[in-house]
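1. no letters, just coordinates:
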C-alpha cells in the first residue's frame, strides 16, 4: 500500500486513510436509500436500483482509487436522479428505459470527450453565473421534492398552486422531526449527519405507523436481482430532439458537478498544483465516465464525484486508499439491502431538503449587479422548481442570457458555442409547440 499509494509522500498512514474512507461513506450512504426511492417514482424496481446504485458506486470509486489514486468517491448523483425521474419520465412522459439510454450515451460520450480533452472547452462555453445558478436551482428543486414527498407541501386541485399539508401527524410530522434532528446533527458537525438522521427518523416512524417492518425481517440478505433494470435500453428514439435535450442536460449538469467537486475538494486537501490544476484530473474524469456507463447498464442514473468526499479529506484522507476504503463499504452495503429499502420517504425527505441547502451555496457568488447576468441566473433558478423541470431552467436561462447580451451589445461576453446551444433550445421550444 505504501509503495502503490505513496502514503509517506502524502504525509498519511493506512489507519488515517481507512478512517477517512469510512467517514466519506457515512456522509454519502444516504444515496443508497434516496436513489431507489427517486428512481422508483419513474417506475423502476427499487430493489434492482439499490443493487445498481451500490455496484456502480463500488466500481466507479474503485477506478478512482486504483487508477486516479485520489481520495474522491463516486455514486449516482443527487439532482441528476431527480432530473431522470421527475423531468424526463414524469414531466416529458418518457419511459425510464429512454432515460437510461440517455445516461448510457452520456457515459460513452464522456469517455470519448475525456480522451480528446474537450470537456474543458464545453465547460468554458457556459457563463459562470449560469453554472452557479444551475446548482442553486437544482437545490430548490430537490428541496421541493423532499417537502412534497413528505406531504409537508401539497397541491390541492382548485386551490392555491402549493400549500402547507398536514404536519400534525403521519409522514409530514415524522419528516419535520427528522429535519430538526438532522439539522442539529449538522450544526454539531457530526460525521454522517444525513445518514444518522435518516436512521433515527426511520426508527421514530415505527411507532407512528410510517415505517413498516414486515414479519421475518432479516438484517442480512443477498442483494436484490438486477434483472428488472439490467441493460434495459430503448435505442428507438436516440435521434429525436427530446433525446438531444435530455442527453445535453445530463452531460451539462454532470460535467459541472464533477469538475466543480474535483476542484473544490482538491483545494480543501491542498492538492492543487501551482497553476491551480487538479492532479490526475483526466483519470478522475474517466472514473466518472466509466461509472456512468456501467451504472446505466446496471440500471441507475448518472454517476458523479461526490462533494461529501470532502468529509474524508477533512479526516486526513489524501490518496486512493481513502476511496478504496469507501468502495469496500459500498460493496459490503449490498448485504444490507433489507435495511436500506425499509426506510420510508418521510425519513429521506429531511436529507433531500438539506441537500438542497448544500447546493444553494453558490448563490452568494452570483453577480446580481449586472442585470444581463442576474436576470438569466434568476430565471434559471426559479424555472427549475416552479416549472418542475431542471432542463427548462437551463433552456430559458441560456436563451435569456444570449438575448440580453445581444440586445445590450455585449457580444464579447457570449462564447460562440453558447450561441449554438441557445439556437438549438429555441428550435426545441418551437418544435414543441407545433
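-> Cool, the structure landed. These numbers were taken from a predicted model, which means no experiment stands behind them.
2. after the helix-or-strand element of the chain with minimal mean pLDDT, which helix or strand is next?
-> Here the helix or strand of the chain ranked lowest by mean pLDDT, DSSP states H and E is helix 119-125, holding a mean of 64. Read in the C-terminal direction, the helix or strand following helix 119-125 is helix 128-149, with elements assigned using DSSP states H and E.
3. list the buried ones in that following helix?
-> Neighbour counts over helix 128-149 (16 or more other CB atoms under 10 Å) mark 129-149 as buried. Glycine gets a C-beta too; all of them are placed from N, C-alpha and C.
4. would you map the strands across the stretch 151-300 of the chain?
-> Assigned strands in the stretch 151-300 of the chain, in chain order: 153-154, 163-164 (criterion: DSSP state E, counting those that start in this stretch).
5. what ranges of the stretch 151-300 of the chain fall below the confidence cut-off?
-> Across the stretch 151-300 of the chain, residues meeting the criterion (pLDDT under 70) sit at 256-257, 260, 264, 268, 275-276.
6. and the helices in the stretch 101-250 of the chain?
-> For the stretch 101-250 of the chain, applying DSSP state H, counting those that start in this stretch gives helices covering 119-125, 128-149, 170-187, 193-205, 241-269.
7. of these, which is nearest residue 424?
-> For the helices of the stretch 101-250 of the chain, distance to residue 424 was read as CB to CB. The smallest value, 7.3 Å, belongs to helix 241-269.
8. by how many degrees do the closest one and helix 128-149 diverge?
-> Computed with axes from the mean of the first three to the mean of the last three CA atoms, to 10 degrees, the direction of helix 241-269 lies at 100 degrees from that of helix 128-149.
9. off-centre distance for helix 241-269?
-> 9 Å (CA atoms, centre = their mean, to the nearest Å).
10. how close does residue 150 sit to residue 204?
-> As for residue 150, its distance to residue 204 is 13 Å (criterion: CB to CB, to the nearest Å).
11. neighbour count winner among the two?
-> Regarding residue 150 and residue 204, a neighbour count based on other CB atoms under 10 Å identifies residue 150 as having more, with 30 against 18.
12. got phi/psi on the more buried one?
-> Note on residue 150: its backbone torsions stand at phi -90, psi -10 [degrees, to the nearest 10].
13. okay, now the nearest residue to residue 172 once chain neighbours are set aside: neighbour count?
-> With CB to CB, 6 or more residues apart in numbering as the criterion, residue 172 has its nearest non-adjacent residue at 4.5 Å, and that residue is residue 151. For residue 151, the number of neighbouring residues by other CB under 10 Å comes to 21.
14. does residue 151 touch residue 169 like I think?
-> No. Under the contact definition of CB atoms under 8 Å, residue 151 does not touch residue 169, with a separation of 10.0 Å.
15. so what pLDDT did residue 428 get?
-> In this prediction, residue 428 carries a pLDDT score of 74.
16. relative to helix 128-149, how tilted is the strand or helix carrying it?
-> When secondary structure is defined by DSSP H and E, residue 428 falls within helix 416-433. For helix 416-433 against helix 128-149, the angle by the same axes, to 10 degrees is 40 degrees.
17. quick one: buried residues of helix 416-433?
-> For helix 416-433, the neighbour count (16+ other CB under 10 Å) marks 418-419, 421-422, 425, 428 as buried.
18. can you pull the buried residues of the helix or strand hosting residue 378?
-> Assigned by DSSP H and E, residue 378 belongs to helix 371-386. Neighbour-count burial for helix 371-386 flags 372-386 (criterion: 16+ other CB under 10 Å).
19. gap between that helix and the chain center?
-> For helix 371-386, the separation from the chain centroid amounts to 20 Å (computed by CA atoms, centre = their mean).
20. which element follows that helix toward the C-terminus?
-> Moving toward the C-terminus from helix 371-386, the next helix or strand (DSSP H and E) is helix 390-407.
21. what is that following helix packed up against?
-> Based on contacts counted as 3 or more CB pairs under 8 Å, 6 or more residues apart in numbering; DSSP states H and E, the elements that helix 390-407 packs against are helix 128-149, helix 241-269, helix 371-386, helix 416-433.
22. now that helix against helix 241-269, angle please.
-> Interaxial angle of helix 390-407 relative to helix 241-269 (the same axes, to 10 degrees): 90 degrees.
23. and helix 390-407, average pLDDT?
-> Averaged across helix 390-407, the pLDDT comes to 90.
24. so it versus helix 371-386, what angle?
-> Between helix 390-407 and helix 371-386, the angle formed by their directions is 160 degrees, by the same axes, to 10 degrees.
25. related to what we said a few turns ago, which residues touch the helix holding residue 428?
-> The set of residues that contact helix 416-433 without belonging to it, under CB atoms under 8 Å, 6 or more residues apart in numbering, is 121-122, 125-127, 241, 244-245, 248, 395, 398-399, 401-402.
26. from the chain's centroid, how far away is it?
-> Relative to the centre of its chain, helix 416-433 is centred 25 Å away, using CA atoms, centre = their mean.
27. and for stretch 333-348?
-> Per CA atoms, centre = their mean, the centroid offset for stretch 333-348 relative to its chain is 19 Å.
28. try stretch 14-31
-> The mean C-alpha position of stretch 14-31 is separated from the chain mean by 18 Å, CA atoms, centre = their mean.
29. if I read this right, residue 299 contacts residue 101, doesn't it?
-> No. Residue 299 sits out of contact with residue 101 when judged by CB under 8 Å, with a separation of 11.7 Å.
30. what count of nearby residues applies to residue 407?
-> Counted with other CB under 10 Å, residues neighbouring residue 407 total 9.
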